[in-house]
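Enquirer: Structure for this input, please:
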Amino acid sequence: MRVTDFMDPKGILLHANIHTMQDTVGILVELQEGLGGITNGTACYNAACKRETMGGTTAIGQGIALPHTANAGVCAPGVSAVVLRHGVDWGAPDEMPVDLVFMVAIPPHNESLHLQILARLVNLLQKKSLTEALRSASNPERFLELLKRAEADCFAE
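Expert: Purely as a prediction, here's the structure:
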């Protein structure tokens, strides 16, 4: 299993001019909805935002957040990503604004896959050289290529 198996260049938005956590989550949901993995965007959006406000932030520091949901509005596992032009307040533990966001959306009762994807993302995104390259990727295809290469280097399968 690779994170990039659940990604598509059409689910990646670069250099977006979005100003709030809620709007960012909305765009991430729309990206996956457009790919067919989310069938009820409203339910997914509400669940992801509720998790941010009531379950604690999904910001992990260094300008990165990993919102995620296992929701009945999801029919297929997916990961979308957004790079923001300007960081937004995400309630990060290091108080840094977030500008690199990956959203994991999984159908209910797939907790193992949900946790595997999140764990892989956390491991990958610890590499500053990768996060800097992702932030400056010229297009979604390049973003995905960088992530695939890092994943192949990090995880032998």
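Enquirer: ok, the closest residue in space to residue 141 that isn't next to it in sequence - contacts?
Expert: Among residues not flanking residue 141 along the chain, residue 9 sits closest, at 5.0 Å (C-beta to C-beta, 6 or more residues apart in numbering). (Each C-beta comes from the backbone N, C-alpha and C, glycine too.) Going by C-beta atoms under 8 Å, 6 or more residues apart in numbering, residue 9 touches 139-141, 143-144.
Enquirer: and the nearest residue to residue 70 once chain neighbours are set aside, what is it in contact with?
Expert: Closest residue in space to residue 70, ignoring its immediate chain neighbours: residue 106 at 4.6 Å, by C-beta to C-beta, 6+ apart. Residue 106 is in contact with 68-71, 74, 77, 113-114, 117, counting by C-beta under 8 Å, 6+ apart.
Enquirer: Flag the shaky bits of this structure, pLDDT-wise.
Expert: Scanning the chain for pLDDT under 70 picks out 156-157.
Enquirer: buried residues in the strand ranked longest in it?
Expert: The strand that spans the most residues within the chain, counting by DSSP state E, is strand 78-88. Residues of strand 78-88 classed as buried: 78-84, 88 (neighbour count, 16 or more other C-beta atoms under 10 Å).
Enquirer: before we move on, back to that, export the contacts of residue 106 to CSV and tack on distance to residue 124?
Expert: Below are those laid out as CSV (distance: C-beta to C-beta, whole Å):
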residue, distance to residue 124
68, 15
69, 20
70, 21
71, 24
74, 22
77, 17
113, 16
114, 16
117, 11
